[in-house]
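> no sequence for this one, just the structure:
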C-alpha cells in the first residue's frame, strides 16, 4: 500500500481538483462581470 493510491483516493483527488478548477473559472467570470458592471456604471456617470 506504501506510495500507492487506491481507486477511491484517486477518484477523490480528481473530484477535488475538478471542483477547484471550476471554482477558479467561476471566480474569474465573476471578476470579469464585476469589472464590466463597474465600467458601465462609470460611463453612465460621465454622460
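Alright, I've got the coordinates. Keep in mind it's a predicted model, so treat the numbers as computed, not measured. Residues are numbered from 1 along each chain as shown.
> could you use CA atoms for every contact and neighbour count after this?
OK.
> name the spans of this protein whose pLDDT lies under the cut-off.
Within the chain, the segments meeting pLDDT under 70 span 1-2.
> which residue ranges of the protein form helices?
7-46 (DSSP state H).
> spatially central residue for it, please.
Closest residue to the average C-alpha location of the chain: residue 24 at 1.8 Å, with Cα atoms, centre = their mean.
> any idea how far that one lies from residue 44?
30 Å (Cα to Cα, to the nearest Å).
> phi, psi for residue 5 please.
Dihedral pair for residue 5: phi -90, psi 140, per degrees, to the nearest 10.
> do residue 6 as well
phi -80, psi 170.
> look up how far residue 17 lies from residue 11.
10 Å.
> check residue 10 too.
Counting by Cα to Cα, the gap from residue 10 to residue 17 is 11 Å.
> ditto for residue 32
23 Å.
> try residue 7
For residue 7 relative to residue 17 (Cα to Cα), the value is 15 Å.
> looking at the two, which is more packed in?
Between residue 7 and residue 17, counting by other Cα atoms under 10 Å, residue 17 is the more crowded of the two (12 against 9).
> separation between the more buried one and residue 43?
Taking Cα to Cα, one finds residue 17 at 39 Å from residue 43.
> how far off centre is stretch 33-44?
Distance of stretch 33-44 from its chain centroid, counting by Cα atoms, centre = their mean, to the nearest Å, is 21 Å.
> run through who's touching it.
Contact with stretch 33-44 is made by no outside residue, as judged by Cα atoms under 8 Å, 6 or more residues apart in numbering.
> buried ones in it?
Neighbour counts over stretch 33-44 (16 or more other Cα atoms under 10 Å) mark no residue as buried.
> state the distance from residue 3 to residue 9.
12 Å.
> more crowded one of the two?
residue 9 (11 against 5).
> contact partners for that one?
Taking Cα under 8 Å, 6+ apart as the definition, residue 9 has no contacts.
> ditto for residue 3
With Cα under 8 Å, 6+ apart, residue 3 has no contacts at all.
> no further queries at this time; thank you.
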